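K.L.:
here you go, sequence then predicted model.
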Amino acid sequence: MKHQATNTPGTQVSRLNFVAIGKRGRETGNNCRQQSPIFSSSAEDKDQDMNKIALVTGANRGLGRNTALSIARRGGDVIVAYRSNAAQAEDVVADIKALGRQAVAMRLDMSDPSGFPAFATTLQRCLQDVWGRDSFDHLVNNAGHGEFTPFAETTEAQFDGLFEVHVKGVYFLTQALLPLLADGGRIVNFSTGLTRFSAEGFSAYAAAKGAVEVLTRYLAKELGPRGIAVNTVAPGAIETDFGGGIVRDNAEVNALYSGMTALGRVGVPDDIGPMVASLLSEDNRWVTGQRIEVSGGQAI
């Protein structure tokens, strides 16, 4: 298996594609060659969470991308997990590198748990080669998709697709990565405001996220002896490409959700990513087993 690294002045970033991705997103192999992580030496960074490594699923776009960049801005390194768009993942890696942090991109299909053991093996090798470590610190289970279909019209295939990614995928990926997750680490599972309030067309999606919220409490209980804090973050309506960009691109839908939100607008990715990065910090080490809604006061 081959490796390729890209060098630019002052920084070095090793890139994977579950494998590794190189410049312009082409696949280049499965291994990471050891490099010296680049850390900012500013006074601000010294007050933040240095030498932490976070794995963010679905980090090539939307809330996952914003979360990855927010973690880097706070002084963390990021493993950018993506399913299909290597070019987007490459862009996120480059953006993190520009912030003076270390990053790699790894391909991960959350709908196929049979691939998780191989992913964990590749991740372990990458941690050793790039960071000289056998573990990472933070797991952010963000990857997923939505279905906007009324209950009476939802198909079994749609239902299964949502539960395979949002429930089964989260459950068994977390299980596969537990041996690599450091004691005292963090897990954040993304949910949705739709588990508290309802909107027609999201019954299957909200049901899957409801299962994630229950799983979060069980993980907090069972992983507590290792000092691992586990929480759910539940965004409200956000302007992303989720659901075909319905909140972002449909003015009527945007106005509807803005009108039911206490702060008078729908959310944007910058409302979510920095909050997740903050939750991962030592400042919030005593927070676990919680569902934290970040919705601007939607439907209160």
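P.N.:
The structure has been received and is ready for your questions.

K.L.:
what about the helices in the stretch 201-300 of the chain?
P.N.:
With DSSP state H, counting those that start in this stretch, the ranges of helices along the stretch 201-300 of the chain come out as 203-223, 246-249, 251-259, 269-279.

K.L.:
can I get those in CSV with mean pLDDT?
P.N.:
Putting those into CSV (pLDDT from 0 to 100) gives the following:
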stretch, mean pLDDT
helix 203-223, 98
helix 246-249, 86
helix 251-259, 91
helix 269-279, 98
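
K.L.:
mean neighbour count for those - can I get that in a markdown table?
P.N.:
C-beta here means a position set from N, CA and C on the backbone, and glycine is covered the same way. As requested, the helices of the stretch 201-300 of the chain are exported to a markdown table (neighbours: other CB atoms under 10 Å):
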| stretch | mean neighbour count |
| --- | --- |
| helix 203-223 | 19 |
| helix 246-249 | 18 |
| helix 251-259 | 14 |
| helix 269-279 | 20 |
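
K.L.:
among those, which comes closest to Asn85?
P.N.:
For the helices of the stretch 201-300 of the chain, the distance to Asn85 is smallest for helix 269-279, at 16.7 Å, taking CB to CB.

K.L.:
against which helices or strands is the closest one packed?
P.N.:
With contacts defined as 3 or more CB pairs under 8 Å, 6 or more residues apart in numbering; DSSP states H and E, helix 269-279 has these neighbours: helix 62-73, strand 181-190, strand 229-235, strand 291-294.

K.L.:
what's in contact with it?
P.N.:
Here helix 269-279 makes contact (CB atoms under 8 Å, 6 or more residues apart in numbering) with 62-63, 65-71, 73-74, 76, 140, 186, 188, 231, 233, 235, 238-240, 284, 287, 292, 294, 296.

K.L.:
kindly report the same for stretch 108-117.
P.N.:
Residues outside stretch 108-117 that contact it (CB under 8 Å, 6+ apart) are 18, 57-58, 81-83, 119, 143-144, 161, 164-165, 168-170, 172-173, 176-177.

K.L.:
so where is the stretch 1-150 of the chain shaky, pLDDT-wise?
P.N.:
The stretch 1-150 of the chain contains residues with pLDDT under 70 at 1-50.

K.L.:
all helices for it, in order.
P.N.:
43-46, 62-73, 86-98, 116-126.

K.L.:
want to throw those helices into JSON lines with mean neighbour count?
P.N.:
Formatted as JSON lines, the helices of the stretch 1-150 of the chain follow (neighbours: other CB under 10 Å):
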{"stretch": "helix 43-46", "mean neighbour count": "11"}
{"stretch": "helix 62-73", "mean neighbour count": "26"}
{"stretch": "helix 86-98", "mean neighbour count": "21"}
{"stretch": "helix 116-126", "mean neighbour count": "18"}
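
K.L.:
how about those, which one is nearest Pro225?
P.N.:
Comparing the helices of the stretch 1-150 of the chain under CB to CB, the one sitting nearest is helix 116-126, at 21.6 Å.
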